[in-house]
Every structure is written in C-alpha cells, then in structure tokens.
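Chemist: return a 3D structure for these sequence lines:
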Amino acid sequence: MKLLSLADLHLGKTIGGFSLLEEQADMLKQCEETASAEHVDAVLLAGDIYDRAVPPAEATALFGGFLGRIASMGLPLLAIAGNHDSPVRLQFADGVFARQNIYMAGSLPQDCRLLRLTLTDAFGPVEFVFLPYFHPFEAGETSTQAAVAKVLAENGLLPAPEDGLRRVLLTHFFVTDGGKQPVLSQNEETCVVGNIDNVDVSLFGAFTYTALGHIHTPQRIGSSCWYAGSPLRYDFTDRAGERGMMLVELGAPGSGPDVTFRAVHPLRTLRRVRGTFEELISPGSPALTEGSPDDYLQVMLTDRVPVLDPMDQLRRLCPHTVQVIPEPEGAEPGETGPGEPGTPAAGRERTPRQFFEDFYRTVEGGEITEDSSALAGECMDAALKDGENN
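Modeler: Numbering: from 1, shown residues only. Next up, the predicted model:
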C-alpha cells in the first residue's frame, strides 16, 4: 500500500500582511500531481490544515477544491485536526464526507474511542487510527504523555497487540525519543516548556507507520514515526532546507515502512539578507541576486544612521519585502532582531515583551512603536499579577 503523507499545510497563512494563498494553491497542485504520478492508495493529513481556528473564506475554498480533486481521483483522504485547527469546523459534515472517502477526526470523543478505518491491499488489511490533537484534561490527565497513553490503552493499542495487523497512526503532538527532541526552528524552541507537552515515541509501538504533524522540519523520530513537516517554509526562523511530503510504502506484515521524502518547489522562498541600505539596493546585491527579487525578504539593515522609510524604497526593487530590522554593525546576533535559527541570543532568555515585539514584526512587517510596546508591557504585567493573586 502506497500513501502520501502530509502535515501542517497552514492554509490561510500570511507573512507580514502578504497572503500565501497563491503559493499554497501551487503547493497543493504539486501534492496532487505526486499522488497521481505515484499511484498512491490514500492521502494522509496529520493536522494544522488551517493556520487558525477561523480561517479566511479563501482558505476554506482552496481546501475544498483540493478535497474535490482528491476525491475525483478515487483516493481516500484521511485527516485529523492539529492545534491550529477548529475541531468542530474541520469535522463538519463528516458523514457526508465519508461517503466521498474523506474521513475527518476533529476532536477526541468523550468516550475516548478513536476513529478507525480499514483499507486493504495485496497483503491484507491495514488499520488507520485517527488521534487528533487534544488537551490532557480532555482525557482526565495533567500531562500529554499520560493522556495519550491512557487513550491508546483504552483503545487496546497500548501495549501493542500481538495480532500482526499492520496499523497506521495519524497524530499531532510534540514527540520525543527517550527525551531527545526533534530538530526545531527557533520559534518552536521558544514554545517548548519543560516536558509537560512531550509524548515519547515508545507509546507508538503498535503502529507500522506513524504520520506526525506539529513540527515543521521533515524528520524521522524513532524507528517508524515521521514528521512530514510543512510543505512550505512559513517563518524566517524555520530551518533552511527542502520542504515537502512523505511517500510511504507498506509491505508485508512484519516489515517496516519504506519512506521517501518528496520536495515541494515553492513559487517564492523566504530569505534573509543583511547589509547597509546602499549595499542592498545596488546592482549585484544579495537581495537581487541570491534568489529571486520576488522572494519574501527579511532585511537586516546594518546602517548606523537611520534610513528614511527603507521599507517603501526596498519594496520598489523587491515587492515582497516583509520586514526591515535595524541591526547596526557590531551588534550581537539577535540583540536587535530575532537572530538566525539556533543562535544563543535568539533563544530562551528573552522577556515576554520581547517575544511580543518579535510577533508584532512578523505579523505587521515593521517595528512596534514605543507607546504600543509600553502598553503591551503594562498588559503583561497586569496579567502576571492577576495570575499570582489567583
């Protein structure tokens, strides 16, 4: 049985006010072409189909078109909700979808009985198990590890049954291997708090292949779990390298999966360029020659003297300039900006206010004003005091 494994589409994502729907439509087209060319038997989506719980109408239309084309190819599509999705919206009309071979699991059922689906190939049945993202309290636990273990046990999947049946799991959690974390982007590193959200790969011994969503860098965890990663880079702190999908082939019972990475070629890439304003606008500058001038750019300006309205001037040459961040020569990496992925200064000792300022730059494509930054700090201080009092 051959499967196309995808995750973290984040449909409806924007970068600095730029919609990525054009890039995402092209990405989905490449996924459809791969599914057709490889004659896959099913398509898997391991969560974060949308970028937010209430996606824009254009994003839902884009996904609807994708579902229709996959259904017209006669392929089952199996999907779960991730932490960015709305379980209710994703699971809407699931009975109608199922009649079109589209199977959606948005939330953990109250009785914890997971959706299961059996498909058959030349070697016999393959059972697919849907474990969408959920919070530990939904299973009556205080940690994700304990919650996932409880749910799998109640479904007869922990410990692993000795029936020889091939099983595939779709899930969306932060999975570690004996405490070893997956390869993370800078933004993903800042979201890791202790071990409360970790799920150890040892819980998934019942499965021939586990399709993971949540982490954006494609990689293998343990012996039979893979993060497909996001098909596109969605943040300047995301690690460089190709993004795409996993092509998975299941053999006879008792054999491991054959997993091959297939790249998606983006219409525009995310690039960081650094230099003085004059260097960046001159012929032969990295902004113009290291890739396409139409790429999404994060610009680190090293001028010691402020430049008048650099964003407007840079966008005349590079229309998708997203951010302009002052980083004068001599400043430590990450001291005045978010820094490169993996740099110590960009890591975990930043204050909540600094994280908010980074978030503002990402969303708005520019620097926050002093008044707005001060107001944000006051709100955070008030929230912390309320938390201490309660």
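Chemist: where's the residue lying farthest from the centre of the chain relative to residue 329, distance?
Modeler: Centroid-distance maximum for the chain: residue 305 at 38.0 Å, with CA atoms, centre = their mean. Residue 305 sits at a distance of 12 Å from residue 329 (criterion: CB to CB, to the nearest Å). Every C-beta, even on glycine, is put in place using the N, C-alpha and C of the backbone.
Chemist: before we move on, what about residue 257?
Modeler: Distance of residue 257 to residue 329, computed by CB to CB: 50 Å.
Chemist: who's more crowded, these two?
Modeler: For residue 257 and residue 329, the more surrounded residue by other CB atoms under 10 Å is residue 257, and the numbers stand at 21 against 10.
Chemist: okay, the residue nearest to that one when sequence neighbours are not counted: pLDDT?
Modeler: Leaving aside its chain neighbours, residue 257 sits nearest to residue 209 (4.3 Å; criterion: CB to CB, 6 or more residues apart in numbering). If you check residue 209, the pLDDT there is 98.
Chemist: please apply the same query to residue 355.
Modeler: With respect to pLDDT, residue 355 scores 72.
Chemist: again with residue 339
Modeler: Note on residue 339: pLDDT of 44.
Chemist: number of nearby residues for residue 72?
Modeler: Neighbourhood size, residue 72 [other CB under 10 Å]: 10.
Chemist: what does the one 10 residues further on give?
Modeler: Using other CB under 10 Å, residue 82 is surrounded by 25 other residues.
Chemist: report pLDDT for it.
Modeler: Residue 82 carries a pLDDT value of 97.
Chemist: look at it and tell me its secondary structure.
Modeler: coil (DSSP: H, G, I helix; E, B strand; the rest coil).
Chemist: skipping its backbone neighbours, what lies nearest it in space?
Modeler: Residue 82 sits nearest to residue 47 (CB to CB, 6+ apart), 2.7 Å away.
Chemist: quick one: the residue nearest to residue 257 and residue 250 touch, right?
Modeler: Yes. The criterion here is CB atoms under 8 Å, and residue 209 meets it with residue 250 at 6.7 Å.
Chemist: so where's the stretch 1-150 of the chain uncertain?
Modeler: Scanning the stretch 1-150 of the chain for pLDDT under 70 picks out no residues.
Chemist: which parts of it are strands?
Modeler: Assigned by DSSP state E, counting those that start in this stretch, the strands in the stretch 1-150 of the chain fall at 2-6, 14-15, 18-19, 42-46, 77-80, 102-105, 116-121, 124-131.
Chemist: redo those strands as JSON lines? Include mean neighbour count and distance to residue 30.
Modeler: What follows is those, written out as JSON lines (neighbours: other CB atoms under 10 Å; distance: least, CB to CB, whole Å):
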{"stretch": "strand 2-6", "mean neighbour count": "25", "distance to residue 30": "11"}
{"stretch": "strand 14-15", "mean neighbour count": "20", "distance to residue 30": "20"}
{"stretch": "strand 18-19", "mean neighbour count": "16", "distance to residue 30": "19"}
{"stretch": "strand 42-46", "mean neighbour count": "27", "distance to residue 30": "13"}
{"stretch": "strand 77-80", "mean neighbour count": "28", "distance to residue 30": "16"}
{"stretch": "strand 102-105", "mean neighbour count": "22", "distance to residue 30": "20"}
{"stretch": "strand 116-121", "mean neighbour count": "14", "distance to residue 30": "24"}
{"stretch": "strand 124-131", "mean neighbour count": "20", "distance to residue 30": "24"}
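Chemist: for residue 188, which of those strands is the nearest?
Modeler: Ranking the strands of the stretch 1-150 of the chain by proximity to residue 188 (CB to CB) places strand 42-46 first, at 15.9 Å.
Chemist: who touches that closest one?
Modeler: Here strand 42-46 makes contact (CB atoms under 8 Å, 6 or more residues apart in numbering) with 1, 3-9, 31, 35, 70, 75-80, 82, 119, 128, 168, 170-172, 211-213, 228.
Chemist: now do 7 Å
Modeler: Applying CB atoms under 7 Å, 6 or more residues apart in numbering, the contact partners of strand 42-46 are 3-7, 35, 70, 75-80, 119, 170-172, 211-213, 228.
Chemist: stretch 299-317 now?
Modeler: Residues from elsewhere that reach stretch 299-317, judged by CB under 7 Å, 6+ apart: 272-277, 280-281, 288, 293, 321, 323-329, 337, 366.
Chemist: coming back round to it: how close does the residue farthest from the centre of the chain sit to residue 317?
Modeler: To residue 317, residue 305 is 21 Å away according to CB to CB.
Chemist: and residue 39, by the same measure?
Modeler: Distance from residue 39 to residue 317, counting by CB to CB: 45 Å.
Chemist: ditto for residue 128
Modeler: Distance from residue 128 to residue 317, counting by CB to CB: 49 Å.
Chemist: residue 11 too?
Modeler: 30 Å.
Chemist: who's more crowded, those two?
Modeler: Between residue 11 and residue 317, counted using other CB under 10 Å, residue 11 has the larger neighbour count: 25 against 14.
Chemist: identify the bridge partners of that one.
Modeler: residue 50 (DSSP bridges).
Chemist: no further questions, thank you.
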